[in-house]
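K.L.:
Mind folding the following:
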Amino acid sequence: MSLLLAWPSHKVVDMPALSPTMTQGNIGTWQKKVGDSIAPGDVLVEIETDKALMDFECQDEGYIAKILVESGTKDVSIGSVGISFGVVQMFLGVATTTLHPIVVFVDEQSDVAAFADFTVNDAGAGAAPAAPAAAKEEPKAEDPKAQPSEKKPEANQAASAPATASSDRVKASPVAKKVANERGISLDQITATGPGGRILKSDVESFTPSAAKPQPVAAAAGSKPAAAPAIGAYTDIPLSNMRKTIASRLSESNQIIPHYYLTVEVEMDKILKLREVLNKSSNDKYKLSVNDFVIKASALALKQVPEANSAWQGEFIRQYNNADVCVAVATPAGLITPIVGAAEQKGLATISNQVKNLATRARDGKLLPHEYQGYVIR
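P.N.:
A predicted model of the protein is given here:
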């Protein structure tokens with residue numbers, strides 16, 4: 001019981017849900033450090049959601065006593081925000097659910113030092129995911145070079161033995177062995193960077209044939225084993241939460257929504273002439289694109305056919321009052337679709353300027369959730 005009463009009154013903030021579809025997120029850069037004062041509206045940390053990189057703002061006053069999840073930590077599940085842990089709350093066992101705390105606040109700066117050894121377990125939650133920078137230390141193993149040499153097999157045995165035979169004698173983590181086996185790479189070719197000469201997963205993933213370590217000259221006479229086929233070089237690019245969500249949504253929509261496709265040819269000559277006239281008379285206040293006309297036309301069509309301005313909700317069909325049209329924007333993190341809300345009520349110039357503004361903020365990762373969720377047509 002004394003352990004529960006050891007901490008001064010404090011507040012634990014869990015990983016927040018910054019969008020309705022967010023179930024986990026990646027911790028970006030902390031904007032505050034331990035000991036800093038905080039006030040409502042201060043940006044605490046950047047969090048990558050399933051749609052964008054967003055600023056998580058503080059809602060309280062006080063001081064940061066402990067940062068529990070370091071910058072760069074990925075796939076942190078969401079919890080609820082603002083669980084208070086004073087002496088009475090902890091005595092009553094408030095923290096009984098599995099949460100994912102990320103930071104601890106205190107009211108008094110003098111209490112900060114008391115939380116130097118505070119952990120996620122002290123916050124009443126399970127262990128948080130480890131930050132990528134803090135790689136898990138492999139069990140220390142003896143240097144393979146210090147091991148007594150084994151009896152060399154006969155030449156004909158070396159030619160017929162599977163490639164994994166010598167790999168079994170190489171010190172490697174189970175994950176590294178699995179990846180090497182999947183890629184057809186002999187562990188003998190890989191230079192180890194782990195403790196005690198142990199091969200890690202990263203060693204296998206970064207291996208290229210040109211980087212193979214020199215092999216000892218075979219002393220046994222006889223026919224040489226056939227050389228393994230050259231392995232094509234490639235790079236595995238980690239997925240951002242946005243790309244994971246795009247893949248999931250596309251797969252889901254293809255499975256649960258009936259699809260059919262209509263193709264129509266549209267004569268655009270008059271639109272192009274009108275666009276040219278309007279742009280010349282704009283005095284540089286706007287510059288219309290063909291896409292702006294398509295957005296406006298789509299919105300008017302949705303109002304004329306309200307049945308099309310609807311979305312399947314599983315147990316019911318939701319029909320929208322406004323025609324919200326989204327526009328696809330390519331960003332470094334993946335495709336995102338910001339919304340031009342109530343486009344049927346807006347003029348072409350307003351639509352054009354809004355699209356440009358949304359596209360710029362989408363590429364900067366600064367969109368708010370309501371600006372990319374809830375559209376009907378794209």
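
K.L.:
distance of the spatially most central residue of the chain from Lys201?
P.N.:
By Cα atoms, centre = their mean, the chain has its centre lying nearest to Asn241, at 2.9 Å. As judged by Cβ to Cβ, to the nearest Å, Asn241 and Lys201 stand 22 Å apart. Where C-beta positions appear, they are placed from N, C-alpha and C, glycine not excepted.

K.L.:
pretty sure Arg198 is touching Lys171, no?
P.N.:
Yes: with contact defined as Cβ atoms under 8 Å, Arg198 counts as touching Lys171 (4.5 Å).

K.L.:
For Thr337, see how far away the residue nearest to the centre of the chain is.
P.N.:
16 Å.

K.L.:
What of Val120?
P.N.:
For Val120, the distance to Thr337 - Cβ to Cβ - is 36 Å.

K.L.:
same thing with Ser253?
P.N.:
13 Å.

K.L.:
Also Trp312?
P.N.:
18 Å.

K.L.:
If you count surrounding residues, which of these two has more?
P.N.:
More neighbours surround Thr337 than the other of Trp312 and Thr337, with 20 against 12 (other Cβ atoms under 10 Å).

K.L.:
Give me the phi and psi for the residue nearest to the more buried one when sequence neighbours are not counted.
P.N.:
Distances taken as Cβ to Cβ, 6 or more residues apart in numbering put Cys326 closest to Thr337, at 4.1 Å, once the chain neighbours are dropped. With angles defined as degrees, to the nearest 10, Cys326 sits at phi -100, psi 160.

K.L.:
What is the least confident helix or strand in this structure?
P.N.:
Least confident helix or strand of the chain, by mean pLDDT, DSSP states H and E, is helix 87-91 with a mean of 37.

K.L.:
Which element is encountered next along the chain beyond that helix?
P.N.:
strand 101-106 (DSSP states H and E).

K.L.:
That next one: partners in the sheet, and parallel or antiparallel?
P.N.:
Take DSSP bridges as the rule and strand 101-106 pairs in its sheet with strand 10-14 (antiparallel), strand 62-67 (antiparallel).

K.L.:
got a list of contacts for that strand?
P.N.:
8-15, 27, 38, 44-45, 60, 62-69, 76, 79, 83, 112, 115, 118, 120, 123, 125, 128 (Cβ atoms under 8 Å, 6 or more residues apart in numbering).

K.L.:
With only the CA atoms kept, save that strand in PDB.
P.N.:
Extracted C-alpha coordinates of strand 101-106, given in PDB (Å, rounded to 0.1, in the frame of the first residue of the first chain):
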ATOM      1  CA  PRO A 101      -0.300   6.500 -20.700                       C
ATOM      2  CA  ILE A 102       2.100   8.800 -22.500                       C
ATOM      3  CA  VAL A 103       2.800  11.700 -20.100                       C
ATOM      4  CA  VAL A 104       2.400  12.700 -16.400                       C
ATOM      5  CA  PHE A 105       1.400  16.200 -15.200                       C
ATOM      6  CA  VAL A 106       1.800  17.700 -11.700                       C
END
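
K.L.:
which of the residues in it are buried?
P.N.:
Neighbour counts over strand 101-106 (16 or more other Cβ atoms under 10 Å) mark Pro101, Ile102, Val103, Val104, Phe105, Val106 as buried.

K.L.:
what does stretch 271-279 give?
P.N.:
Of all the residues in stretch 271-279, those buried under the rule 16+ other Cβ under 10 Å are Arg275, Leu278.

K.L.:
Centre of the chain to that stretch, how far?
P.N.:
Relative to its chain's centre, stretch 271-279 lies at 42 Å (Cα atoms, centre = their mean, to the nearest Å).

K.L.:
Return that stretch as CSV; C-alpha atoms alone will do.
P.N.:
The C-alpha coordinates for stretch 271-279 follow below in CSV (Å, rounded to 0.1, in the frame of the first residue of the first chain):
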residue,chain,number,x,y,z
ILE,A,271,-16.4,24.8,-70.0
LEU,A,272,-12.8,25.4,-71.1
LYS,A,273,-13.8,28.7,-72.8
LEU,A,274,-15.8,29.8,-69.8
ARG,A,275,-12.8,29.0,-67.5
GLU,A,276,-10.5,31.1,-69.7
VAL,A,277,-12.8,34.1,-69.6
LEU,A,278,-13.3,33.9,-65.8
ASN,A,279,-9.6,33.5,-65.1
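
K.L.:
Between its first and last residues, how far does stretch 303-312 reach?
P.N.:
Stretch 303-312 has an end-to-end distance of 18 Å (criterion: Cα to Cα, to the nearest Å).

K.L.:
State the mean pLDDT of that stretch.
P.N.:
The average pLDDT within stretch 303-312 is 88.

K.L.:
And for that stretch, what's in contact with it?
P.N.:
With Cβ under 8 Å, 6+ apart, stretch 303-312 has contacts from Ile256, Ile257, Ala301, Leu302, Ile317, Arg318, Gln319, Tyr320, Ala323, Glu344, Val376, Ile377.

K.L.:
Near the last one, how many other residues are there?
P.N.:
Okay, so that is Ile377. Ile377: 15 surrounding residues under other Cβ under 10 Å.

K.L.:
Let me see the contact set for it.
P.N.:
Taking Cβ under 8 Å, 6+ apart as the test, what Ile377 contacts is Ser298, Leu302, Ala308, Asn309, Ala323, Asp324, Val325, Cys326.

K.L.:
One more pass at 6 Å, please.
P.N.:
Ser298, Val325 (Cβ atoms under 6 Å, 6 or more residues apart in numbering).
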